[in-house]
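Trainee: Sequence first, then the predicted structure:
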Amino acid sequence: MIFDWAWVADNLGDIWAALAEHIVLTVIPIGLGFLMAFPMALASIRWPGLYSPLLGVAGILFSIPTLALFVVMIPFTGLSKATAIVPLTLYTLLILLRNTVEGLKGVPVHVREAAEAMGYTRTRQLFRIELPLAVPVIVAGLRIATVNTIAYVAITALIGQGGLGNLFMDGFLRQFPTPLIVGLVLSVTLAVTADLGLLGVQRVLTPWQRDPG
Amino acid sequence: MFEVTTSLIEWFADPINWQGPNGIPTRVLEHIYYSVLAIVLAVAIAQPVGILIGHTGRGGALAINLTNAARAVPTFGVILLTFLVAGIGLAPVLVALVVLAIPSMVTNTYAGFRAVDRDVRDSAVGMGMTGWQVIRRVEIPVAMPLIMAGVRISAVQIVATATFAAVVSLGGLGRYIIDGLAQQDLPEVLAGAILVAALSLLTELGLSRLQRVVVSSGLQEESEEASMETRLEGTTG
């Protein structure tokens, strides 16, 4: 008997709490990561010399093994939520920065020139023309970052956080597969739902792309 | 913070940590052993599949979708589950590491093959090359930047994720992190983290160098771009 439905029925409250924590530990780093990456991307467009160094630093951060970065935070933040949130935020930077910059750079020159000729100021041009056109690439970045983050959050169970990762550890420590399977299924479901949700957001934000063909 | 740094230096300076079954050399070798096994197995499984779907062009969409779905599966959970099902041993960890590594290799090899210029392929066929010759002498060399980028990203992922072997009672550098956490021995935990980070960095550097050697000199620029692209597709443990 590998899956115990009765356990699920008895522990719906805990399962729900783990899922809610998992969502919080995903949404905060993605939000913070975007808040950091966005100005960095604008700066990289304005001063192109900044882009390589910023991308380089974000790349180094991204290549640090997750568990290692969580653990290195402990002297600074103990076993608090911040120990999970700071590394998770840093991991999103590479993808979000790169996709935002590439998205903005991908706006065709003639579109930019048309906007300028129509008398758009630099700021208005950015918010009314370039950002909307860059939405598909930016959202693509958000989707990758979100799916990655959802998978990473579980690891923080080892440093006292974890969301659904706590279900993994619970099943593992008690040699009882049910919580582990529930955690895995919910984690994958959450990732797929978030991915499709963001795709939906992109559709809403880019109505001109909906025409078939 | 200063205290932590001092005790960390002391930990590295302590001869105890350099000898015996829990010494740094042993743990590093164990970590490398798990990683190399997983990388070799993953290459042996993923490359033929990538080459096949790349050469024939069939099943590509399925492979890409599977890869995207695979990114959503937390490896950490998979390792714990395979351990519960299969028990203590290297096999469950290897299975999880190999499964983790296969998608980026398959998609990169596939993408590399698809990016081979049609004209180049056609002229190879026109010169009388057989399918196998086209693969070996045209497609693989031209696709090499992406093939190697896939191997590199997977290898770095594997090295980073092999840390979790310690959670299921095996060795490797994760031992320091897991034992240190259990004993609230912060210097040991940090030492483990630093060693894992260093080893994955060395893997990245070593394979970048290898990539420069095996990629034809005419393709070096594309090789650099491919590295940047694929890096974003991977997840570390």
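Mentor: Structure's in. What do you need?
Trainee: Would you mind listing where chain B has pLDDT under the threshold?
Mentor: B:1, B:222-237 (pLDDT under 70).
Trainee: Show me which helix runs longest in it.
Mentor: For chain B, the longest helix by residue count, based on DSSP state H, is helix B:24-56.
Trainee: which SSE is the residue sitting nearest the centre point of chain B in?
Mentor: The geometric centre of chain B, computed from its C-alpha atoms, lies nearest to residue B:155 (C-alpha atoms, centre = their mean), at 1.8 Å. Using DSSP states H and E, residue B:155 falls within helix B:140-161.
Trainee: Over to residue A:84?
Mentor: helix A:81-105.
Trainee: Walking through chain B, point out its strands one by one.
Mentor: Under the criterion DSSP state E, chain B carries no strands.
Trainee: what packs against the helix holding residue B:155?
Mentor: Contact here means 3 or more C-beta pairs under 8 Å, 6 or more residues apart in numbering or on different chains; DSSP states H and E; on that basis helix B:140-161 packs against helix A:66-77, helix B:24-56, helix B:90-114, helix B:186-214, helix B:220-231. Glycine gets a C-beta too; all of them are placed from N, C-alpha and C.
Trainee: Which of those helices sits closest to residue A:171?
Mentor: In terms of C-beta to C-beta, the element of the helices and strands packed on helix B:140-161 nearest to residue A:171 is helix B:90-114, at 14.4 Å.
Trainee: report the longest helix in chain A, please.
Mentor: helix A:12-46.
Trainee: Show me what counts as buried in that helix.
Mentor: Using 16 or more other C-beta atoms under 10 Å in any protein chain shown as the test for burial, helix A:12-46 gives A:15, A:18-19, A:21-23, A:25-26, A:28-30, A:32-34, A:36-37, A:40-41, A:44-45.
Trainee: and the nearest residue to residue B:168 once chain neighbours are set aside, what does it touch?
Mentor: Nearest residue to residue B:168, sequence neighbours excluded (C-beta to C-beta, 6 or more residues apart in numbering or on different chains): residue B:83, at 4.1 Å. Applying C-beta atoms under 8 Å, 6 or more residues apart in numbering or on different chains, we find residue B:83 in contact with A:172, B:92-93, B:168.
Trainee: what does residue A:3 give?
Mentor: Counting by C-beta under 8 Å, 6+ apart, residue A:3 has contacts A:177-178, A:181.
Trainee: ends of stretch B:162-169, how far apart?
Mentor: By C-alpha to C-alpha, to the nearest Å, the extent of stretch B:162-169 from end to end equals 12 Å.
Trainee: What average pLDDT does stretch A:204-213 get?
Mentor: Across stretch A:204-213, the average pLDDT comes to 76.
Trainee: Give the buried residues for it.
Mentor: Per 16+ other C-beta under 10 Å, stretch A:204-213 contains no buried residues.
Trainee: just how off-centre is that stretch within its chain?
Mentor: Chain-centre distance of stretch A:204-213: 24 Å, with C-alpha atoms, centre = their mean, to the nearest Å.
Trainee: Using PDB, write out every CA atom in stretch A:52-59.
Mentor: Extracted in PDB, the C-alpha atoms of stretch A:52-59 (Å, rounded to 0.1, in the frame of the first residue of the first chain):
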ATOM      1  CA  SER A  52      27.600  42.700 -19.300                       C
ATOM      2  CA  PRO A  53      28.700  43.200 -15.700                       C
ATOM      3  CA  LEU A  54      25.200  43.000 -14.300                       C
ATOM      4  CA  LEU A  55      24.500  39.800 -16.300                       C
ATOM      5  CA  GLY A  56      27.800  38.400 -15.200                       C
ATOM      6  CA  VAL A  57      27.100  38.900 -11.500                       C
ATOM      7  CA  ALA A  58      23.600  37.500 -11.900                       C
ATOM      8  CA  GLY A  59      25.100  34.500 -13.800                       C
END
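Trainee: Out of the contacts of residue A:3, which one has the weakest pLDDT?
Mentor: Scoring those by pLDDT puts residue A:177 last, at 91.
Trainee: still on that earlier bit, which of the contacts of residue B:83 count as buried?
Mentor: Applying 16+ other C-beta under 10 Å to the contacts of residue B:83, the neighbour count classes A:172, B:92-93, B:168 as buried.
Trainee: Just the closest of those residues to residue A:51, please.
Mentor: Here the nearest of the buried ones among the contacts of residue B:83 to residue A:51, counting by C-beta to C-beta, is residue B:93; it sits at 39.1 Å.
Trainee: For the closest one, which non-adjacent residue is closest in space?
Mentor: residue B:165 (4.7 Å).
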